[in-house]
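Peer 1: Prediction below, plus the sequence it came from.
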Amino acid sequence: MSGTSLDAVDVVVVDLSILETKENKPLFSLVEAEAKDLFSLSKTLRKKTKENKDLFCLVLDPKHKKLNKISFSLENEEKAKETKPLVSLVEENLQHYEHPYPETLKKGVLSLQTKKTIALTSFVTLEKELTHLYADAVESALKTWGIEKSSVVAVCIHGQTVFHQADKNGEVGTLQLGDASRLAETLRMRVIADFRRGDIAQGGQGAPLLPFYDALRFSEPDKTVVAHNLGGICNVSVLPAESLGLEPFAFDTGPANLWIDRAMLEYFDRPFDEDAQVARQGNLIRPLMTAILCLPYFAKSPPKSTGRDDFSDKSLFSLVNKYAKNCPKEDVITTLTHVTVSSMAIAYKKFIIPKVGKVDKIVFSGGGVCNQGLMNLFGAYWQAHELGYFPEVYYPEDFGIPNKAKEALGFAWLGWAKWHGLPNNLPSCTGANAYVSGGVIY
């Protein structure tokens, strides 16, 4: 379950039992395979069988009962279709449900995200209300689909991030609202939460975490793929072609919709700029754009992560008042849209292309993909920065995944790995010193 968006709580139900024996044990052993994580295991399978397919596509192939010292149980063979990768089979019966986010609760969360201090009583009350929202979302989803609680292994929840920032020493602090203990007791179900702190304890950023899923789902042996998410913050998971000999790497490029949406609410009383309708009416304010792109975060090298604490409302409106005080508000929206797209292109130019040479495919996801004006502008900036031939473009729906379900699905995979004590972070993406099985089981 994903609670990072303030538009809705996204709930998915996915059956991962196909990865398990009848004793509910994983079908594979990382130790026997001498693999560090699930992604390196999938690469081992590919090399040994010379099959360019996705994760565990051969686990259920009767011809491979033993491979590289990995003994596979074929008890789930009847569920499989040999022509499809296992990671796809897992998602064939994916169920996605959107639960509305009450306006009063949304305002409370936004207020907490923008304030440096808050009364503890307000904090506790807000978390309790949010937890009840999550419980209602799960209950409603299961009722809608006719699924019994007893058949669900765990509810995997990220929670609502209200703080994520590195201090001057580079040490990261993070805080997600959502009382997992209360949620478990309310639902009378197992809950897996708090996925970030384990990575942080090992010196990592605790973000981004979804490259774990992106690497399993979208990587290809012969192509460099970027899973590019445009939510409030823009983040990329870079999945290099195997011939490059590189580990996946990931980072946040900066704000995607965050400042655009905030300015739209402030100036036009609308939650977002639908298909860049307002941005198309304005003109670029170059001094404002330059000032924003000179903010320290953009110059940092990966691994790096960010959020509302680096890109706060205060910072936004301070810059607008300094460089665009007397400009039409449409011009501000235009400029913020250009900032998002320009910072994306700069990130490819500075941090991605120099390492991988070229990008073959981009899988775009998140709310920003609905803004066709923004997406078209990215193509223009790609050419302006001379980044070469524009990659093939895909969306989650091309893989049978609803765009809004992708994040919740990723945390289902993170939770499944935690349940089995498997690593679910990628240190090459977060900067951690070691693999960890992140999360806490309640």
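Peer 2: Ah, there it is. Numbers count the residues shown, from 1 in each chain.

Peer 1: the strands in the stretch 101-250 of the chain, which residues?
Peer 2: Using DSSP state E, counting those that start in this stretch, the strands found in the stretch 101-250 of the chain span residues 155-156, 160-166, 172-177, 191-193, 225-230, 233-239, 249-255.

Peer 1: Could you say which one of the ones you listed comes nearest to Lys107?
Peer 2: In terms of Cβ to Cβ, the element of the strands of the stretch 101-250 of the chain nearest to Lys107 is strand 160-166, at 13.0 Å. Glycine gets a C-beta too; all of them are placed from N, C-alpha and C.

Peer 1: Mind giving me the packing neighbours of that closest one?
Peer 2: helix 103-114, strand 172-177 (3 or more Cβ pairs under 8 Å, 6 or more residues apart in numbering; DSSP states H and E).

Peer 1: Go through those and pick out the most buried.
Peer 2: Most buried of the helices and strands packed on strand 160-166, by mean neighbour count (mean count of other Cβ atoms under 10 Å): strand 172-177, with a mean of 19.

Peer 1: Who are the packing partners of that strand?
Peer 2: helix 120-145, strand 160-166, helix 197-201.

Peer 1: export the strands of the stretch 101-250 of the chain to TSV and tack on mean pLDDT and distance to Cys429?
Peer 2: Shown next, in TSV, are those (pLDDT from 0 to 100; distance: least, Cβ to Cβ, whole Å):
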stretch	mean pLDDT	distance to Cys429
strand 155-156	92	19
strand 160-166	82	15
strand 172-177	88	14
strand 191-193	95	20
strand 225-230	97	11
strand 233-239	96	7
strand 249-255	95	4
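
Peer 1: So for Val393, which of the ones you listed sits nearest?
Peer 2: strand 225-230 (9.5 Å).

Peer 1: and the angle for that closest one with strand 249-255?
Peer 2: For strand 225-230 against strand 249-255, the angle by axes from the mean of the first three to the mean of the last three Cα atoms, to 10 degrees is 30 degrees.

Peer 1: what packs against strand 225-230?
Peer 2: Packing partners of strand 225-230 (3+ Cβ pairs under 8 Å, 6+ apart): helix 211-218, strand 233-239, strand 361-365.

Peer 1: Now do that strand: distance to the chain's middle.
Peer 2: Computed by Cα atoms, centre = their mean, to the nearest Å, the separation of strand 225-230 from the middle of its chain amounts to 9 Å.

Peer 1: need the contact list for the residue nearest to Leu112 when sequence neighbours are not counted.
Peer 2: Nearest in space to Leu112, with sequence neighbours left out and distances taken as Cβ to Cβ, 6 or more residues apart in numbering, is Val162 at 5.0 Å. By Cβ atoms under 8 Å, 6 or more residues apart in numbering, Val162 lies in contact with 109, 112-113, 175-177.

Peer 1: Great, nothing more from me.
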